[in-house]
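1. the following comprises the amino acid sequence and a computationally predicted model.
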Amino acid sequence: MSDLKEYKCPACGGAIEFDSRSQKMKCPYCDTEFDLDTLKAYEEQLSEEEERKTASTEWKTNAGSQWQEGETAGMNVYTCKSCGGEIVADENTGASSCPYCGNPVIMTEKFSGTLKPDLVIPFKLDKKAAKEAYYRHIKGRPLLPRVFRQENHIDEIKGVYVPFWLFDADVNADARYKATKIRVWSDKDYDYTETNYYSVFRSGNMSFASVPVDGSTKMADDLMESIEPFRIEEAVDFQTAYLAGYLADKYDVDARESTDRAQERMKISAQEVLRNTVKGYATVTQESTSLQVYGGEAKYALYPVWILNTTWKGKKYLFAMNGQTGKMTGNLPIDNGAYAKWLAGLTILCSAAAYLAVMLIY
């Protein structure tokens, strides 16, 4: 059996969870609130008392049969301390709820040793805020089928702590551009255009801090990057209490496997910084770029994300909301009829603009 962690209310004994509004542990039964440090001291006292208890009697049974080799790969079994029910979860699940009594539980084995996160950004927004953000997200979109708003229903909303690797590094970046300057003038006989070509070189040293890379294969990188940024200055030292009431996964893509993605993100940012220094030209085309990374370090953090699933006409649609800032993203269907009208209108507008430009020239 693997270890489970469940926080009990010292006042009434009910299972308590982290409250995103008060930023404290709160009992849903008696509404008592506790600071995390106070609860931690209480839990340590209970742990000392538990160690002094005598061991329970072992029962023997011939029920069931032995697992065959490979059948239990990726599977873990936990026992709920509230009702005694057994919970089966995959090897990356770090927090969940008991399917029998509904109490929030934390698989402490998943956050021990080398797997323990350094930092966590606690949830700031609750499930109600996620639902409201979803309906704002689909409102006022002219290309969205009208019946989607009427027939679409949220299948599931879950708060998930997603594992991220945060990379710090110093970077030396170089870039070369081909640029032009154009001069136009006229005399009584001719119009003249002079084009001068330039080779522009830029180089700079930059420092990057806490560049995030999603460490879970369950979460698409583009989906997670779409709800950035997270405010890393609000991150706190990891405590398991923050996970109570939410789902949590440990990473299944380690730091070494994530370095390529981190360097690519640094490269894109460095290119943008260098490109913004190339000014005063009519056109600028990037020809080459190089990036040298040194002094790199990585931290392991958990970021708060609300995941929403909907189904419409048999197709699944996934949405994600930043549990700290409220930024929402997700894929939506397109009304083909509305899209055709929009495209036709855009074509007419562009044609009219081109005709007007020709008329002004002549």
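-> It's in. Since the model is a prediction, treat every value here as computed from it, not as a measurement.
2. three-state assignment of residue 131?
-> Secondary structure assignment for residue 131 (DSSP: H, G, I helix; E, B strand; the rest coil): helix.
3. quick one: low-confidence parts of the stretch 51-200 of the chain?
-> 51-115, 140-153 (pLDDT under 70).
4. pretty sure residue 158 contacts residue 306?
-> Yes. Taking contacts as Cβ atoms under 8 Å, residue 158 lies within contact range of residue 306: 7.4 Å. Glycine gets a C-beta too; all of them are placed from N, C-alpha and C.
5. distance check, residue 326 against residue 219.
-> Distance, residue 326 to residue 219, using Cβ to Cβ, to the nearest Å: 18 Å.
6. now the lengthiest strand in the chain: buried residues?
-> What stands out as the longest strand in the chain, according to DSSP state E, is strand 153-186. Under the neighbour-count criterion of 16 or more other Cβ atoms under 10 Å, strand 153-186 has 157, 159-167, 169, 171, 173, 175, 177, 179 buried.
7. do the same with stretch 188-205
-> 200, 202.
8. in PDB, list the C-alpha atoms belonging to it.
-> Taking Å, rounded to 0.1, in the frame of the first residue of the first chain, the C-alpha atoms of stretch 188-205 are listed here in PDB:
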ATOM      1  CA  LYS A 188       9.000  66.400 -64.300                       C
ATOM      2  CA  ASP A 189       9.800  63.400 -66.500                       C
ATOM      3  CA  TYR A 190      10.200  60.400 -64.200                       C
ATOM      4  CA  ASP A 191       9.400  58.700 -60.900                       C
ATOM      5  CA  TYR A 192      12.500  57.300 -59.100                       C
ATOM      6  CA  THR A 193      13.000  54.600 -56.500                       C
ATOM      7  CA  GLU A 194      16.300  53.900 -54.900                       C
ATOM      8  CA  THR A 195      16.800  50.800 -52.700                       C
ATOM      9  CA  ASN A 196      19.800  50.400 -50.500                       C
ATOM     10  CA  TYR A 197      20.600  47.000 -49.000                       C
ATOM     11  CA  TYR A 198      22.200  46.500 -45.500                       C
ATOM     12  CA  SER A 199      23.500  43.600 -43.500                       C
ATOM     13  CA  VAL A 200      22.600  44.200 -39.900                       C
ATOM     14  CA  PHE A 201      24.200  42.200 -37.000                       C
ATOM     15  CA  ARG A 202      23.000  42.200 -33.400                       C
ATOM     16  CA  SER A 203      24.400  40.500 -30.300                       C
ATOM     17  CA  GLY A 204      23.500  40.600 -26.600                       C
ATOM     18  CA  ASN A 205      23.700  38.900 -23.300                       C
END
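9. who's in contact with it?
-> For stretch 188-205, contacts defined as Cβ atoms under 8 Å, 6 or more residues apart in numbering pick out 170-186, 270, 273-274, 277-278, 281, 284.
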